[in-house]
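[1] Just a sequence and a predicted model for now, questions to come.
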Amino acid sequence: MNTLSRRDFLKVLGVGSTATAAALALTACGGNSTGGGSAGGSTGAATATAAPQVNEDASVYEQTQAAGFIAAEVSIASGDPASFLPLKPAGGGKAILNEIYEPLCDQDGPSGELYGVLAKNWYWDGDDFYVELYDSIYDSAKNHLTANDVVWYYKRMQEEGYDDQKYNRYFNDCEVVSEYVAVFHAKPGDAGANVFQADNNLLRGACVVTQAAFEAASDMMATSPVATGRYKLTEYITGLSATIERVSDDEYWQKDLSVVGPQHQANVQKINYFFITEAAQVVNALKTGQIDYASEISSTAAAEFSASSDYTVYRFYSNRMFQTYFNCWADGGCPLADINLRAAICYAINSDDILAAVGGEEFARRLYEFCVPGVQSYNSDCESWDSYYSKCDIDLAKEYLAKSSYNNQVLKIYYYTGEHAEMEEGVALTIGAALDQIGVKYDITPTTDADNLNIPTNANWDLLCTTTGANGNALSLLGKFSTDQYEGGIGNWFDDTLNTMYKEFNTRTGATAETNSKFQQYLIENFYAYGTLEGILIDAWRSSKVANATTKTFRNWTIPGAWVYVE
Amino acid sequence: MGRYVFNRLLWMIFILIGVAILIFTILYLVPGDVSTHFLGESATIEDRAAFNHKYGLDQPYLAQLGNFLYSLFLKGDFGTSFKYNTPVIEELLVRIPRTLFLGVSCIVVNALIGIPLGMMAALHQNKWQDTLCMVLALLFVSVPNFWLALEMVDLFAIRLGWFPPFGIDKTTSWVMPIIAGSMAGVAANARQTRSSMLEVIRADFITTARAKGVDEGIVVRRHMLPNALIPVVTGLGVGPSKSIAGNVVIERIFTIPGVGTYMLSGIDNYDYPIVRSSVVILAVFSSLVMLLVDIVYAIIDPRIKAQYSGKAKGK
């Protein structure tokens, strides 16, 4: 080995470090700037909104339809899709994929009604589901999309194991009927044909692409999507940002813009998405003008933005329900298998206290049944029912406790530490305080989102405070009572009547306000669970750039293409 | 020397297998149901069973471990992300340069600020310069980097508007992450340099050099510094692996899409392939750097080199 003096070594080390740093700088800084640095210091009019607003205003849809003006650019914070694979749209940044890809149908935000996107018509004949496509659909590579592509897409999705419950769960097979008509053969009865919104599950959310474009892509379109939508991906820096640009009206296949729903409008030329990982940095980016819109900001940040005329703050009900389940597994020795103990707890809980614990009406609203008011089958009569939701009665709670078999066991309360951890904690602590009042012992444990849940016959918890999002109907909220999804239901109820009621509700004609109310009353009579709150979300945007950003998808996702921009 | 390197490389294989088994076992023992996390609340029992079967999560521990080790070490397959359905290694290859750039830059800043600070303290031992330098070092090492990062964002991005608060798309985007990520290292280097310099400063060869009338600047640069820097160089050598593992928080705060944020997203999402692969890659990197440091030791320290040579001759 040649000798190297220490001085020479230090020189080499210095030069080497500098060279390495320079080389890495070139690599790491790879990718052009995605822009997004919109100028700060806006002078827009103040339109801060203090009171909660519900995202049920259909006039917003009409307003964006009539906007006409196309803005140059907007920058927003977003989740990271990490892959643009159309067979399984990723969760985090799905809003971006929704701007690039198109499904057969989509759901209107305010009403929840389906409207056609690629599909011109669709109908059931009792057993099968027919979809007729527009005959003029082309993707951005000029491939013509026909029924062959639709059938290929769904079969490929199934083959790849990316079904995501949209097809395989309800349908046996699909085939081409004619160039623009495809048929989906539903599974019989409870498995598909009779299931409420099986067609919705099939039609919406899919990212249908042409077989030719998909097979031409080297990576299954994971980084280079070619689709039929109003926007094209023009730049993508993995883990940091994505830029999509508007397809001109001439290039876009749908010439009749009057049938284009909010999800597929394009009121801005260029959208920059930044995948900001830290919530505080989203707010900072809005303050510094790097982004123009931030969703789900904290109440502290909202107060700050509300005080400035440069920003608009918008609060809306999230359709996300906070709930508490009781573990009723008798064979597992769970104390709450005793209905009297459950009744005691329900009557000890005060909904108003829970609301106060999470910050009051600026952050949530209290519930009167195991359902949020925004869902289609909600029956507002429940607000006048004589139940534990409207009556906190400590004396009655103590009476039930005396009748119960409670023997000073320590009840295990778990709450989830997901994105709503602070509110979950507030709910759990308030329930704990209620138990204190009637002399029931407990301990409270935070848990991550997959712990202790969905494990059949699990006796390790007694009360579980968690959240569920409702997607327009009560089924997603009530799904945990179904034995099909959880053996015995998530609370180990093992109640055949409950399961039968769920199945009746989950049919094409069964999901009504009446059947929902019947279900809710059964839950109340048996003290099976407690729906505590519906959360409020807060968005904020720069008033100088965006005039109205309240238009959202049925799932409350942002649709920057449909916003109204300042001219 | 060659034999030594060969032996170290051989040991590296066992270390990596050990790390792989350890991280696999830790993740295997994490409570919770992965399929529920990915399929959502409305998934049926059958859906969840199909998911577990697809990813082999329904197999016993030893079978899962065997498959993992076989894929990793014999097929070079780091697995596919549960969430993103993309090969983990592809994503890591894109992210590693960014993490390395941040880590190496932090080390360069550490050296550029920490070493002069330590030198100044040692050369002015027990004077106000020494006190100032050590107070600064204490301050730097005491301030948590996430707190410093957020305060810097508030001051330099929001109030002064000098730097963007996040991202990597501009050169200026790197300034705050590098400073926030290097402060603790600056303090460590300053203290190490001071301590090493003080050991050398009274050595016989320094006294001899001064007695011969050598200029004080030359004494410091040519005689004190090279001898005092050996332990500092060791610290700098370990720096890259420490920086890569330690800058996870900095990456997260400044939205730097590196290995750290990828690993955190894997942890958040129960995406075991991401976490396992990131840990194994970090272990590979750390092992290689430590090997390199040991080889460099032999190059710069004649005593260590003589040891290797002696062993070789003896055999």
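    Structure received. Numbering: from 1, shown residues only, chains lettered A, B, ... in the order given.

[2] Just give the nearest non-adjacent residue to the closest residue to chain B within chain A, would you?
    Of all residues in chain A, A:Gly239 sits closest to chain B, at 2.4 Å by CB to the nearest CB. C-betas here are computed from N, CA, C, even on glycine. Leaving aside its chain neighbours, A:Gly239 sits nearest to B:Pro257 (2.4 Å; criterion: CB to CB, 6 or more residues apart in numbering or on different chains).

[3] what about that neighbour, distance to B:Leu92?
    Remark: distance between B:Pro257 and B:Leu92 (CB to CB, to the nearest Å) = 11 Å.

[4] Between these two, which is the more surrounded one?
    Comparing B:Pro257 with B:Leu92 by neighbour count (other CB atoms under 10 Å in any protein chain shown), the higher total belongs to B:Pro257, at 26 against 20.

[5] Let me see the contact set for the more buried one.
    Shown in contact with B:Pro257 (CB atoms under 8 Å, 6 or more residues apart in numbering or on different chains): A:Ile237, A:Thr238, A:Gly239, A:Leu240, A:Phe275, B:Val94, B:Arg95, B:Arg98, B:Ile168, B:Glu251.

[6] on that earlier part again, kindly confirm my reading that the residue nearest to A:Gly239 forms part of a strand.
    No. Counting by DSSP: H, G, I helix; E, B strand; the rest coil, B:Pro257 falls outside a strand, being coil.

[7] Need the per-residue pLDDT for it.
    Per-residue confidence (pLDDT) for B:Pro257: 88.

[8] Not counting its neighbours along the chain, what's nearest A:Ser384?
    A:Ser390 (7.8 Å).

[9] Quick one: residues contacting the one you found.
    For A:Ser390, the contact set (CB under 8 Å, 6+ apart) comprises A:Ser351, A:Tyr368, A:Glu383, A:Ser384.

[10] which bits of the stretch 151-300 of chain B sit near chain A?
    Residues of the stretch 151-300 of chain B lying near chain A by CB under 8 Å from any CB of the partner chain: B:153-154, B:157-158, B:161, B:164-171, B:174, B:222, B:226, B:229, B:233, B:252-258, B:261-262, B:264-265, B:270, B:296, B:299-300.

[11] ok, B:Val94 to B:Tyr262 distance?
    For B:Val94 relative to B:Tyr262 (CB to CB), the value is 9 Å.

[12] typo on my end, it should be A:Ala344
    Computed as CB to CB, the A:Ala344 to B:Tyr262 distance reads 48 Å.

[13] do the same with A:Ser308
    Per CB to CB, A:Ser308 is found 36 Å from B:Tyr262.

[14] Please say which of these two ends up with more neighbours.
    Higher neighbour count among A:Ser308 and B:Tyr262: B:Tyr262, with 29 against 16, using other CB under 10 Å.

[15] ok, and the closest non-adjacent residue to that one?
    B:Arg95 is the one closest to B:Tyr262 (CB to CB, 6+ apart), at 5.5 Å.

[16] Give me the buried subset of the contacts of A:Ser390.
    Neighbour counting by 16 or more other CB atoms under 10 Å in any protein chain shown classes A:Ser351, A:Tyr368 among these as buried.

[17] out of the contacts of A:Ser390, who's nearest B:Val289?
    Nearest to B:Val289 among those: A:Ser351, at 57.8 Å, using CB to CB.

[18] Which phi and psi values does that closest one adopt?
    Torsion angles at A:Ser351 (phi, psi; degrees, to the nearest 10) stand at phi -60, psi -40.

[19] Isn't it up against A:Leu367?
    Yes. With contact defined as CB atoms under 8 Å, A:Ser351 counts as touching A:Leu367 (7.2 Å).
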